[in-house]
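Peer 1: Mind folding the following:
(2 chains)
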Amino acid sequence: MWPPPPAPEPGSSPLSTESPENSCCCENSGLPGLMTTPSETRSSRMRVLGLGWRGPTGTEPGPGAQAAYRLRFRTCWLWLVGVPDTCLSMGLELYLDLLSASCRAVYIFARKNNIPFDFQFVDLLKGHHHSKEYIKINPLKKVPSLKDGKFVLSESVAILFYLCRKYSTPSHWYPPDLHTRARVDEFMAWQHTAIQMPMSRILWIKMLIPMITGEEVPDEKVEQMLAEVKNSMQLFEEKFLQDKMFISGDHISLADVVALVEMMQRGQELEGRPGTGRRTQHFSVSQP
Amino acid sequence: MGLELYLDLLSQPCRAIYIFAKKNRIPFEMHTVELLKGQHLSDAFAQVNPLKKVPALKDGDFTLAESVAILLYLTRKYKVADHWYPQDLQACARVDEYLAWQHTTLRRSCLRALWHKVMFPVFLGEPVSPEMLATTLAELDVTLQLLEDKFLQNKAFLIGPHVSLADLVAITELMHPVGAGCQVFEGRPKLAAWYRRVEAAVGEDLFREAHEVILKAKDSPPADPTIKQKLMPAVLAMIR
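Peer 2: Here you go, the predicted structure:
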């Protein structure tokens, strides 16, 4: 179960439903909520579960229907109350920390395609990804993770492909044409070691390690990483982007989302790279 | 001009593609690009793959780099048997998950094991400290444990009951430290049994043929100084 249920406060009613712990964790994280407020969610769920008073024609139901309603109500009420909203959903759950570029790719893609999901915040800076609860979800101790019923999936590239297929997103995201699709695959494979790995190292070296340990990492290491990133940016422009609007051609695809979130990690690598800057603009324009 | 594959069977991803194409009777013209002679750094090869790496594919005017992309391209173009890259949503996702994970984990550990144990001292004439080698082999150990615990578990193959692209990519990686003389399967009966199953699924003769080069890596003659100077920066970047 994620997050671990909080201990009940002494004297609190077991039927209390509106405590902060029971609210949607995406609202707690301060991110734009995908879920409705707890009270709206519960009443809408009760309607979905057939607990509404009115019959299908909207007329006052007879004594039999009322009795059936009371039975359903009693049976379901105790199950509904006191259970965090995130557990009621039973739909798609995405375990994310938007500090991570690969989480941002998954988040943007899901939101852009109106894929409903529960945002489960895994606080990397607090080490949540190493907690016992999270290891049960993803033994690789990484974000992002996807949980779809009992099916759990890690690796952002795999998650993006899964979402594309399951939710039948518009074909430009992962084009069906053999050659165009291969171009997306080519970038998605290359970026692991060419961009994601050095960018992630830079984040740790320049920000997270000093923040956590209070110590700066030697300049030579930083310079080495930056040189690798600059070389990759050059290859990205010359081999993957060239003079095209997007990596696969005229339309945005998964490859562009993955590329852009990595570049947003550190803005300065884009300086002096007009091609990449132009592409960033196109990406922004294509968002709502 | 039909399908052309630019390969050096010294390289793990090249072996995966070679085996896959041969197993599925995909006709191709093989171009050997000898890594230890620096042929991948030539201008001529850069026309095929500006990333200057093997494997690379050329299909008419269409060129493609990256072994995972090449394997998926061949899977789709030649409509191979479903088990290699299943249509089923979740099974397919499992293959994708492994193919994504392995880039920075098993591939890296296996590459470093080969270079630190054999290629640096034997081919490049550069000693590697016992501490560095011990760290590399310990890293490999951790990755092998993850491969067993997270991916293989108690299944016949990495994804389920049938061999897939994930198994092919994994097994060819593991042959790198095997080629370096590491006892990868010692004390790992589950992994050893899986290795035998994959070898049988692929065909023992084809498997042996694809691995002749890596199994002789220990006998590589030392590089001449010009080659060494040419290769050193790329090698260091590759195994960093």
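Peer 1: C-alpha from now on. contacts and neighbour counts both.
Peer 2: Will do.
Peer 1: how about the helices in chain A?
Peer 2: Counting by DSSP state H, chain A has helices at residues A:25-28, A:38-48, A:63-80, A:85-89, A:101-112, A:132-137, A:156-166, A:178-191, A:197-203, A:209-213, A:219-235, A:254-263, A:274-286.
Peer 1: actually chain B, not the one I wrote
Peer 2: Under the criterion DSSP H, chain B contains helices at B:12-23, B:43-48, B:67-77, B:89-101, B:106-114, B:130-146, B:165-179, B:189-202, B:204-210, B:212-215, B:225-238.
Peer 1: Next one: residue B:157 from chain A, what distance?
Peer 2: Distance of residue B:157 to chain A, given as Cα to the nearest Cα, to the nearest Å: 18 Å.
Peer 1: Pick out the shakiest of the helices of chain A, pLDDT-wise.
Peer 2: When the helices of chain A are ranked by mean pLDDT, helix A:25-28 comes last with a mean of 31.
Peer 1: Mind listing what's buried along stretch A:95-115?
Peer 2: A:95-98, A:100-107, A:109-110, A:115 (16 or more other Cα atoms under 10 Å in any protein chain shown).
Peer 1: For it, which outside residues touch it?
Peer 2: Identification of contacts with stretch A:95-115 by Cα atoms under 8 Å, 6 or more residues apart in numbering or on different chains yields A:116-117, A:119-124, A:143-147, A:156, A:159-160, A:163, A:167, A:169, A:257-258, A:261-262, A:265, A:287-288.
Peer 1: try 6 Å
Peer 2: A:120, A:121, A:122, A:123, A:143, A:144, A:145, A:156, A:257, A:258, A:261, A:262 (Cα atoms under 6 Å, 6 or more residues apart in numbering or on different chains).
Peer 1: Most neighbours of all the residues you listed, which one?
Peer 2: The most crowded member of the contacts of stretch A:95-115, judged by other Cα atoms under 10 Å in any protein chain shown, is residue A:144 (29 neighbours).
Peer 1: List the contacts of it.
Peer 2: A:95, A:96, A:103.
Peer 1: Out of these, flag the one nearest to chain B.
Peer 2: Nearest to chain B out of these is residue A:103 (Cα to the nearest Cα; 14.7 Å).
Peer 1: which two in the buried residues of stretch A:95-115 are spaced the farthest apart?
Peer 2: Within these, two members stand farthest from each other by Cα to Cα: A:100 and A:115, at 20.1 Å.
Peer 1: How about residue B:155, nearest residue that isn't a chain neighbour?
Peer 2: With sequence-adjacent residues excluded and distances taken as Cα to Cα, 6 or more residues apart in numbering or on different chains, residue B:155 is closest to residue B:161, at 6.6 Å.
Peer 1: Report how many residues lie close to the one you found.
Peer 2: By other Cα under 10 Å, neighbour count at residue B:161 equals 10.
Peer 1: Please see if the one helix or strand in chain B whose mean pLDDT sits lowest touches chain A.
Peer 2: Least confident helix or strand, chain B: helix B:225-238 with a mean of 86, by mean pLDDT, DSSP states H and E. No: Helix B:225-238 does not reach chain A (Cα under 6 Å from any Cα of the partner chain); its nearest approach is 8.4 Å.
Peer 1: How about stretch B:105-122?
Peer 2: No: applying Cα under 6 Å from any Cα, one finds stretch B:105-122 separated from chain A by no less than 9.5 Å.
Peer 1: ok so, going back, which pair of the contacts of stretch A:95-115 spans the longest distance?
Peer 2: Longest span within those, Cα to Cα: A:123 and A:257, 22.5 Å.
Peer 1: buried sites along the least confident helix or strand of chain B?
Peer 2: For helix B:225-238, a neighbour-count test (16+ other Cα under 10 Å) marks B:228, B:231 as buried.
Peer 1: And stretch A:236-247, by the same measure?
Peer 2: Buried-residue list, stretch A:236-247, by 16+ other Cα under 10 Å: A:236, A:237, A:240, A:241, A:245, A:246, A:247.
Peer 1: Equivalent analysis for stretch B:104-111, please.
Peer 2: Of all the residues in stretch B:104-111, those buried under the rule 16+ other Cα under 10 Å are B:105, B:106, B:107, B:108, B:109, B:110, B:111.
Peer 1: excluding its backbone neighbours, what's nearest the fourth one?
Peer 2: So the one you mean is residue B:108. Once flanking residues are discounted, residue B:108 sits nearest to residue B:239: 6.9 Å by Cα to Cα, 6+ apart.
Peer 1: Same question for the fifth one.
Peer 2: Using Cα to Cα, 6+ apart and skipping residues adjacent in sequence, the residue nearest residue B:109 is residue B:140, 5.1 Å away.
Peer 1: The one you found: neighbour count?
Peer 2: If we define neighbours as other Cα under 10 Å, then residue B:140 has 24 of them.
Peer 1: Run through who's touching stretch B:168-175.
Peer 2: The contact list for stretch B:168-175 (Cα under 6 Å, 6+ apart) reads B:12, B:16.
Peer 1: Let's test this: mean pLDDT of it, rounded?
Peer 2: pLDDT averaged over stretch B:168-175 gives 97.
Peer 1: Likewise for stretch B:196-215?
Peer 2: 96.
Peer 1: the domain parsing of chain B - what is it?
Peer 2: B:3-83, B:85-239 (the TED database).
Peer 1: What's the end-to-end length of the last one?
Peer 2: In terms of Cα to Cα, to the nearest Å, the two terminal residues of domain B:85-239 are separated by 29 Å.
Peer 1: The shortest one now?
Peer 2: Across domain B:3-83, the straight-line distance between its terminal residues is 23 Å, by Cα to Cα.
Peer 1: near chain A, which residues of chain B?
Peer 2: Residues of chain B lying near chain A by Cα under 6 Å from any Cα: B:66, B:69, B:93, B:96, B:97.
Peer 1: can you rerun that using 10 Å?
Peer 2: Taking Cα under 10 Å from any Cα of the partner chain as the measure of proximity, chain B contacts chain A at B:49-51, B:62-74, B:76-77, B:89-90, B:92-104, B:108, B:146, B:149-150, B:237-238.
Peer 1: Would you point out which residue of the stretch 1-150 of chain A is nearest chain B?
Peer 2: Using Cα to the nearest Cα, the closest approach of the stretch 1-150 of chain A to chain B is made by residue A:139 at 7.0 Å.
Peer 1: For that residue, grab the count of nearby residues.
Peer 2: 16.
Peer 1: Confirm for me that it is in contact with residue B:147.
Peer 2: No: the pair residue A:139 / residue B:147 is not scored as a contact, 11.4 Å apart, by Cα atoms under 10 Å.
Peer 1: got the contact list for residue B:64?
Peer 2: Residues near residue B:64 by Cα atoms under 10 Å, 6 or more residues apart in numbering or on different chains: A:179, A:182-183, A:185-186, B:5, B:48-49, B:55-58, B:70, B:73.
Peer 1: Mind putting the contacts of residue A:144 into CSV with distance to residue B:27?
Peer 2: Shown next, in CSV, are the contacts of residue A:144 (distance: Cα to Cα, whole Å):
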residue, distance to residue B:27
A:95, 44
A:96, 44
A:103, 40
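Peer 1: need the contact list for the closest residue to residue A:205 other than its chain neighbours.
Peer 2: Residue nearest to residue A:205 in three dimensions, not counting chain neighbours: residue A:217, with 6.1 Å by Cα to Cα, 6+ apart. Residues in contact with residue A:217, defined by Cα under 10 Å, 6+ apart, are A:204, A:205, A:206, A:207, A:209, A:210.
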